[in-house]
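S.K.: Structure of the sequence below:
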Amino acid sequence: MPISTRIYLAIQLLALESGAVIEHSHVVWQLQLARWLGVVASLGAITNTLLALFARRIHRWVMRRRSGHAVVIGAGEAGTQLAKDLLLDGYRVTIIDSIEENLAIKTLVELGVDEIIGDASEQATLQAAAVGRAEYVVIVAGADVTNFEIMSAVQELCSKSDRSANPIKCYLHLVDDRLRQLAEKAFSDKQTLSFLQLTTFNRFANSARILLAKAPLDRVKIVTGDPRQVHLVIVDLGMLGESLLKAALAIGHYANNVPLAITVIDQSADEKENSLLIRIPEMHACGTIRFMRGTLEQKTVRAALQNILSDRNQLVTVAICRKNPQASLTGCMDLIPLLTNFNNTVFVNLADDQHEETLQRAFQSANSRVIPFGSSRESVSSGAVIRKHLDKLAEKIHIKYCEKRQSEGDSEQDYPAMRAWEILDGDLRDANRQQADYISVKLRAIGYQAVELKEDIKPEEFHPSRAEIEALAIAEHSRWCANRRLAGWRYGAARDNVARLHPNLVDWEKLDEETRDYDREPLRNLADMLAAVDYCIVKDEG
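M.R.: Numbers count the residues shown, from 1 in each chain. You can find the predicted model right below:
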């Protein structure tokens with residue numbers, strides 16, 4: 001029935017004189033009820049019609065005034081995963097994308113995510129998503145340049161918001177380390193930090209970090225005097241392979257003081273080595289690195305691989321990092337005949353085409369330990385990007401460092417590494433994160449592991465011997481040197497933060513005792529630092 005007819009009949013009902021032929025006659029209650037129900041029904045119909053006409057506008061109005069939510073910019077593979085995770089974490093999520101026909105958006109909307117279609121580099125689009133009121137903003141819109149441009153727009157918008165009491169936490173995806181350093185300088189000035197805290201991340205670096213935590217290269221206990229060398233073979237040095245190389249060099253430092261060996265197999269090995277050396281001039285000082293031109297199908301490459309895999313003094317892991325998952329799987333099949341019963345671990349980049357249990361069953365009979373990696377479900381999960389647990393431990397490490405420096409009369413004017421965590425340079429925050437990741441390597445070397453503290457777990461008394469502390473302090477210094485070199489630092493007789501020169505980029509034997517103690521201290525404080533993030537140390541029964 002048309003709305004106009006319903007209104008007319010309702011009015012007619014209210015004026016109806018049936019049962020009331022004189023002015024003060026009694027009107028039966030049934031008629032009174034019918035009259036008021038008519039009014040309610042009519043008003044309801046009018047309200048529903050107005051809501052139908054203006055629902056989208058009302059929803060947009062509500063979205064613009066939302067606060068404490070999460071905004072994900074970019075509805076690609078990474079953005080979709082992040083939006084789902086943040087929704088599961090209990091946040092109201094708004095996703096921004098420029099393509100209305102994106103099927104991922106429809107799926108997200110069905111899950112309860114709000115969408116904004118528009119150009120995220122434009123202020124109107126960001127305002128529609130209430131970016132200035134958000135708790136989290138994650139930028140994963142595409143190429144580095146695109147993400148950088150959007151970050152500039154976010155900074156401009158947020159500068160107009162009063163967020164001094166609770167700055168917006170912004171996560172920016174950048175693959176190129178040099179652009180990351182530029183972004184951290186551009187968006188980490190004192191004024192910007194008053195309303196926005198920037199953290200950069202790289203999904204490929206996240207994949208590498210997660211992989212090495214799940215399947216460490218030192219798969220057996222390596223102690224002082226152990227002659228074995230940990231050896232990583234990387235097949236195809238794309239973005240994922242390069243991230244794995246850098247992650248391995250960052251934490252591949254062991255109690256036996258034998259440098260990590262890395263062999264890179266790539267059709268453009270020479271060109272890629274030169275490209276890395278432009279960005280990391282001291283790369284070869286971080287480990288024993290060899291670049292080999294070729295492919296897994298070539299006889300010379302297979303012969304070299306067979307020699308490596310047959311050496312019992314080499315703990316070898318082969319990582320097949322081909323961009324195409326099918327090509328990676330084919331490479332794995334080509335590699336199987338070369339594996340031995342003591343060197344049979346293979347990492348395979350299958351991206352999101354992973355069926356880990358099926359693969360492990362299939363390769364079990366081939367005497368192989370095949371570990372898929374590269375999934376966006378892991379690399380761009382909210383845990384991998386926002387890193388609450390890792391950053392809590394890294395911040396605790398940083399605080400301990402600052403306390404020691406302060407006790408010796410140092411200040412942040414002389415040592416920028418003493419700045420508060422929130423305003424610490426991005427590469428220094430990463431240095432603390434890598435030190436946190438390295439804890440598991442140290443503990444494995446002396447037969448322990450860190451586990452989440454629960455009621456049914458009894459922490460061990462942790463009192464490493466002086467010899468253990470010394471061996472692991474030497475390894476810690478090697479790790480620190482690699483971290484600084486990977487960040488572009490070189491040796492210099494006097495420290496220069498602008499030129500990235502540091503006098504401590506030398507062998508352990510050349511350090512004074514005061515400097516050496518900075519490498520011993522983390523192990524002495526380890527149990528307390530882990531307890532601060534609800535972890536404890538137990539014996540490694542594996």
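S.K.: any idea how far Glu156 lies from Asp162?
M.R.: Plainly put, Glu156 is 15 Å away from Asp162 if you go by CB to CB, to the nearest Å. Just so you know, the C-beta spots here come from the backbone N, C-alpha and C atoms, and that holds for glycine as well.
S.K.: Likewise for Gly68?
M.R.: 15 Å.
S.K.: what do you get for Gly44?
M.R.: Taken as CB to CB, the span from Gly44 to Asp162 is 41 Å.
S.K.: do Ala494 as well
M.R.: Between Ala494 and Asp162 the computed distance is 43 Å (CB to CB).
S.K.: likewise Gln229?
M.R.: Gln229 is 56 Å from Asp162, by CB to CB.
S.K.: Show me which of these two is the more surrounded one.
M.R.: Gln229 (19 against 9; other CB atoms under 10 Å).
S.K.: Can you tell me the SS state at the residue nearest to that one when sequence neighbours are not counted?
M.R.: Excluding its sequence neighbours, the residue lying closest to Gln229 (CB to CB, 6 or more residues apart in numbering) is Val258, at 4.9 Å. Secondary structure for Val258, judged by DSSP: H, G, I helix; E, B strand; the rest coil, is coil.
S.K.: What is the neighbour count of Val258?
M.R.: Close neighbours of Val258, defined as other CB under 10 Å, add up to 16.
S.K.: Give the next helix or strand downstream of the host helix or strand of Lys169.
M.R.: Secondary structure from DSSP states H and E places Lys169 in strand 168-173. Per DSSP H and E, the first helix or strand lying C-terminal to strand 168-173 is helix 177-186.
S.K.: And the next helix-or-strand element following that next one, what does it pack against?
M.R.: With elements assigned by DSSP H and E, the helix or strand that comes after helix 177-186 is helix 190-193. If contacts are counted by 3 or more CB pairs under 8 Å, 6 or more residues apart in numbering; DSSP states H and E, helix 190-193 sits against no helix or strand.
S.K.: What residues sit buried inside helix 190-193?
M.R.: Thr192, Leu193 (16 or more other CB atoms under 10 Å).
S.K.: CA atoms of it as PDB?
M.R.: Written as PDB, here are the backbone C-alpha positions of helix 190-193 (Å, rounded to 0.1, in the frame of the first residue of the first chain):
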ATOM      1  CA  LYS A 190      59.300  16.400  17.300                       C
ATOM      2  CA  GLN A 191      56.100  18.000  16.100                       C
ATOM      3  CA  THR A 192      54.900  15.000  14.200                       C
ATOM      4  CA  LEU A 193      55.600  12.700  17.200                       C
END
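S.K.: which residues of the stretch 201-350 of the chain fall in helices?
M.R.: In the stretch 201-350 of the chain, the helices defined using DSSP state H, counting those that start in this stretch lie at 203-214, 239-251, 269-279, 299-309, 325-335.
S.K.: could the ones you listed be laid out in TSV, adding mean pLDDT, mean neighbour count and distance to Phe195?
M.R.: Below are the helices of the stretch 201-350 of the chain laid out as TSV (pLDDT from 0 to 100; neighbours: other CB atoms under 10 Å; distance: least, CB to CB, whole Å):
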stretch	mean pLDDT	mean neighbour count	distance to Phe195
helix 203-214	94	22	27
helix 239-251	96	24	31
helix 269-279	95	14	32
helix 299-309	96	15	53
helix 325-335	89	18	42
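S.K.: closest one to Ile371 among those helices?
M.R.: helix 203-214 (7.4 Å; CB to CB).
S.K.: tilt between the closest one and helix 177-186?
M.R.: Interaxial angle, helix 203-214 versus helix 177-186 (axes from the mean of the first three to the mean of the last three CA atoms, to 10 degrees): 100 degrees.
S.K.: from the middle of its chain, how far away would helix 203-214 be?
M.R.: Here helix 203-214 is found 9 Å from its chain centre; the criterion is CA atoms, centre = their mean, to the nearest Å.
S.K.: Repeat that for stretch 389-397.
M.R.: Stretch 389-397 sits 14 Å away from the centroid of its parent chain (CA atoms, centre = their mean).
S.K.: Now Ile439: closest residue in space, sequence neighbours ignored.
M.R.: Closest to Ile439 by CB to CB, 6+ apart is Ala450, at 6.2 Å.
S.K.: need the helix or strand of this protein with the lowest average pLDDT.
M.R.: Every helix and strand in the chain was compared by mean pLDDT, DSSP states H and E; the lowest is helix 3-15, with a mean of 54.
S.K.: now the strands: where do they sit in the stretch 351-500 of the chain?
M.R.: Remark: strands assigned in the stretch 351-500 of the chain by DSSP state E, counting those that start in this stretch are 369-373, 448-452, 490-491.
S.K.: Quick check: Arg388 vs Asp534, distance?
M.R.: In this structure residue 388 is Lys, not Arg. Where Asp534 is concerned, Lys388 sits at a distance of 12 Å (CB to CB).
S.K.: got it, and Ala303?
M.R.: Separation of Ala303 from Asp534 (CB to CB): 50 Å.
S.K.: Equivalent analysis for Ile168, please.
M.R.: 27 Å.
S.K.: do Asn483 as well
M.R.: 26 Å.
S.K.: and these two? which has more neighbours close in?
M.R.: Neighbours were counted for Asn483 and for Asp534 using other CB under 10 Å; Asn483 has more, 24 against 11.
S.K.: hang on, isn't that one packed against Gly252?
M.R.: No: applying CB atoms under 8 Å as the test, Asn483 and Gly252 come out as separate, 11.6 Å apart.
S.K.: What's the local residue count around the closest residue to Ala467 other than its chain neighbours?
M.R.: Leaving aside its sequence neighbours, Ala467 sits nearest to Thr224 (CB to CB, 6+ apart; 7.2 Å). Counted by other CB under 10 Å, the residues lying close to Thr224 total 17.
S.K.: wait, Lys392 sits on Tyr535?
M.R.: No: distance between Lys392 and Tyr535: 10.2 Å, which falls outside the contact criterion (CB under 8 Å).
S.K.: In the protein, where is pLDDT below threshold?
M.R.: Applying pLDDT under 70 to the chain picks out residues 1-36, 38-39, 42, 50-63, 164, 353-367, 542.
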